[in-house]
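In: okay, predicted coordinates and the sequence, questions at the end:
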Amino acid sequence: MDQMGKTTALGSVLDKVFCDRNWQYRLAINKVFLVWEEVVGEEIAAVAVPEIVKGDTLWVSVPDSMRMQQLHLKKMTLLAKINQRLREESKQLAGACKIPVIEDIRFKIGETERINSRQKSEVIENNAYVDPQREAEFDLLTRAVKDDELRDRIKRLWRGQEKRYIDRG
């Protein structure tokens, strides 16, 4: 109920919670991992793998300093393409509070082995890191999200965050 004693739809309450906790924004900005290969192209995706978004910076692993230099020269073009796609993707998220923007890309030399999105989904779905009770509580929080695909993506994002949290120990 609102201050006037009127009943409020649960969906609008959840939208407000998602906005207040910045979940919609984090979900939207992390879509960069799902669209990376399509946005940057197969050639770049073969040698550059996005690892993490910290704040508004995307960290990308490359195999060597030569590739790092090449990609650094293309950074502004990559940023423009990524942000354009994130704007398009965020329009599909109901209740998005803030349009996601990657302000910077940082390249680092590291592991660049790619796995496709189906494999990523299987890794997240099959991991043994998530406490079943916490997962049940999360399911209760998100069951009011009407869009099945959105709810599934939110859960996959949450499971990935749970795994990272536990891995950091």
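Out: Done, it's in. Numbers count the residues shown, from 1 in each chain.

In: what packs against the helix or strand containing L150?
Out: Assigning secondary structure by DSSP states H and E places L150 in helix 148-168. If you count contacts as 3 or more CB pairs under 8 Å, 6 or more residues apart in numbering; DSSP states H and E, helix 148-168 packs onto helix 23-29, helix 117-126, helix 132-142. Bear in mind the C-beta positions are built from the backbone N, C-alpha and C, glycine included.

In: mean pLDDT lowest where, among those?
Out: Across the helices and strands packed on helix 148-168, the stretch with the lowest average pLDDT is helix 117-126; it has a mean of 46.

In: before we move on, back to that, what angle do the helix holding L150 and helix 132-142 make?
Out: 140 degrees (axes from the mean of the first three to the mean of the last three CA atoms, to 10 degrees).

In: low-confidence ranges in this protein?
Out: Residue ranges of the chain with pLDDT under 70: 1-6, 8, 11-12, 14-15, 18-19, 92-97, 113-130, 163-169.

In: make it 50
Out: Along the chain, the model assigns pLDDT under 50 to residues 115-128, 169.

In: spatially nearest residue to P63, not counting backbone neighbours?
Out: The shortest distance from P63 to any residue other than its chain neighbours is 5.0 Å, reached at T112 (CB to CB, 6 or more residues apart in numbering).

In: actually K81, not the one I wrote
Out: Nearest to K81 is V39, by CB to CB, 6+ apart, at 5.1 Å.

In: the one you found and A45, how far apart?
Out: 9 Å (CB to CB, to the nearest Å).

In: would you list the phi and psi of the residue nearest the centre of the chain?
Out: For the chain, the residue nearest the mean C-alpha position is N30 (1.9 Å; CA atoms, centre = their mean). Here is the backbone geometry of N30 (degrees, to the nearest 10): phi -80, psi 0.

In: isn't it right up against L157?
Out: Yes - here N30 reaches L157: they are 6.0 Å apart, a contact under CB atoms under 8 Å.

In: what sits against L10?
Out: Residues in contact with L10 (CB atoms under 8 Å, 6 or more residues apart in numbering) are A144.

In: i'd like the first residue to be 78 from this point on
Out: Got it, first residue is 78 now, which makes that one L87.

In: tally of neighbours for K168?
Out: 11 (other CB atoms under 10 Å).

In: now T189, what's its secondary structure?
Out: coil (DSSP: H, G, I helix; E, B strand; the rest coil).
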